[in-house]
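Trainee: Sequence first, predicted model second:
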Amino acid sequence: MRQRLLNACLLAAVLGLFALPAFANNDIVQFGSSIHVAPDSSVHDAVCFFCDVDDRGTVQGDIVVFFGSVHIAGNANHDVVNFFGTVKAEDNSTIGNDLVSMFGSIRLGENVSVGKDLVAMFGGLRAASTVTVGGDRVVQPGWILWGPLLIIALVIIVVVREYRSYRRRLYLRGYPFPPKP
């Protein structure tokens, strides 16, 4: 058994020597620390967990944010994806491909351009009349998900409450009330 474990560890060490390092060409990945792109600078991809992305310059690749917000005052040349946060695009900003927001809101200013699709799932969309979307515009409001879940939760609460009341009545049925002196 020890010989097999030793062989497996040696094999893993040899494979680790031949592993190629990851290459990130001007990518920024942050966890808990916000990403700021200055007006005169450019980054390739911006990925952020539990933080915000403030794009005042140019993002050549994707912007992906989990549990944070995206603020675009410059150009995002590819996709913008946000989960559980807010996407805000200032006036005259552009998004090259898709704009996707799950469980969050989207606010688009005047003359904002989205190259392909705009998707707002279980959130809200506020867009000026001058916003151009090159593909489809899909908006599913939050009440479509939260409404049925609220109804199901209320039914479960009522069923549990009535069952407890029934059990309490059965328990108290065996005891005379008021007690005999």
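Mentor: Everything's here; your move.
Trainee: Specify the beta-bridge partners of the residue nearest the centre of the chain.
Mentor: Per Cα atoms, centre = their mean, the C-alpha nearest to the average position across the chain is that of residue 83, at 1.2 Å. Beta-bridge partners recorded for residue 83 (DSSP bridges): residue 66, residue 102.
Trainee: Surely it touches residue 69?
Mentor: No. Using Cβ atoms under 8 Å, residue 83 is not in contact with residue 69; the gap is 11.1 Å. No exception for glycine: its C-beta is placed from N, CA and C like everyone else's.
Trainee: Would you map out the domains in the chain?
Mentor: 26-141, 143-181 (automatic domain parsing).
Trainee: Residue 122: what's it in contact with?
Mentor: 102, 103, 140, 141, 142, 144, 145, 146 (Cβ atoms under 8 Å, 6 or more residues apart in numbering).
Trainee: pLDDT wise, what is the fourth one at?
Mentor: Reported pLDDT at residue 141 in the predicted model: 86.
Trainee: For it, give me phi and psi.
Mentor: Per-residue torsions, residue 141: phi -70, psi 160 (degrees, to the nearest 10).
Trainee: any idea what sits nearest it, other than its immediate chain neighbours?
Mentor: Nearest residue to residue 141 in three dimensions, chain neighbours excluded: residue 124, at 6.9 Å (Cβ to Cβ, 6 or more residues apart in numbering).
Trainee: Look up how far residue 105 lies from the one you found.
Mentor: According to Cβ to Cβ, to the nearest Å, residue 124 stands 4 Å off from residue 105.
Trainee: Look at the two and report which has more neighbours.
Mentor: residue 105 (17 against 14; other Cβ atoms under 10 Å).
Trainee: wait, the more buried one sits on residue 125?
Mentor: Yes. Contact status for residue 105 versus residue 125: in contact at 7.3 Å, counting by Cβ under 8 Å.
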